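Undergrad: Build me a structure from this.
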Amino acid sequence: MANPLFFSSLMMATGVGIPVMAALSGTLGARYGSTGLAATVLFAVALLVAVAYLFAVEGGLKPLPQTALPFYFYLGGLFVAFYVLSVTWVAPKFGVGNAVAFVLLGQLVSMAAIDQFGLLGAPTHAITPQRAIGLVLMAVGVFLAVRRG
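TA: All right, here's what the predicted structure looks like:
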């Protein structure tokens, strides 16, 4: 059974890491003078961490399932690359707070659609009036957080 407190804490820590990653990767890209080189270095580090996790936690490679998955399940890597390249390029120019705030706004829109319609194999969670109000308040919060003056 899922532990909501553990999962909530883990995702909160993940959320804390997103702006930290944006600041680090943006500065790396600016110092290197290359968004692509910075992203390549970041992905090399990420690959090493993922391989270490695969072997240390999961015990190494296992046979792949015999069932075929639709090709779009492999496109997550494109979204990771798009995020890292975008935030590495934009954060030094637009500000880490602004960049991450609009990432958050995009996440709100995307998660609401995925949950509402059960897209990409996700469980369906309807947008109730209470949830809609929460999403609107969060979106307003994003705009207030980035507003200057």
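Undergrad: residue ranges with poor pLDDT in this structure?
TA: Residue ranges of the chain with pLDDT under 70: 1.
Undergrad: Summarise which helices and strands the longest helix along it is packed against.
TA: If you go by DSSP state H, the chain has its longest helix at helix 4-32. The criterion is 3 or more Cβ pairs under 8 Å, 6 or more residues apart in numbering; DSSP states H and E, and the helices and strands that helix 4-32 contacts are helix 35-56, helix 76-94, helix 96-117. (C-beta placed from N, C-alpha, C; glycine too.)
Undergrad: Against Thr40, how distant is Ser34?
TA: Note on Ser34: its distance to Thr40, by Cβ to Cβ, to the nearest Å, is 9 Å.
Undergrad: no wait, Gly95
TA: 24 Å.
Undergrad: now swap in Val80 and tell me
TA: 13 Å.
Undergrad: Next: Glu58.
TA: Counting by Cβ to Cβ, the separation of Glu58 from Thr40 is 26 Å.
Undergrad: Counting neighbours, go ahead and name the busier of the two.
TA: Thr40 (13 against 9; other Cβ atoms under 10 Å).
Undergrad: Run the chain-centre distance for stretch 29-38.
TA: Centre-to-centre, stretch 29-38 and its host chain are 20 Å apart (Cα atoms, centre = their mean, to the nearest Å).
Undergrad: Same check on stretch 20-38?
TA: 17 Å.
Undergrad: How is this protein divided into domains?
TA: Residue ranges for the domains of the chain, per automatic domain parsing: 17-68+78-94, 95-149.
Undergrad: Adding distance to Asn3, write those out as a markdown table.
TA: Shown next, in a markdown table, are those (distance: least, Cβ to Cβ, whole Å):
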| stretch | distance to Asn3 |
| --- | --- |
| domain 17-68+78-94 | 17 |
| domain 95-149 | 17 |
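Undergrad: picking up where we left off before, turn the helices and strands packed on helix 4-32 into TSV, columns for distance to Ala139.
TA: Below are those laid out as TSV (distance: least, Cβ to Cβ, whole Å):
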stretch	distance to Ala139
helix 35-56	28
helix 76-94	19
helix 96-117	6
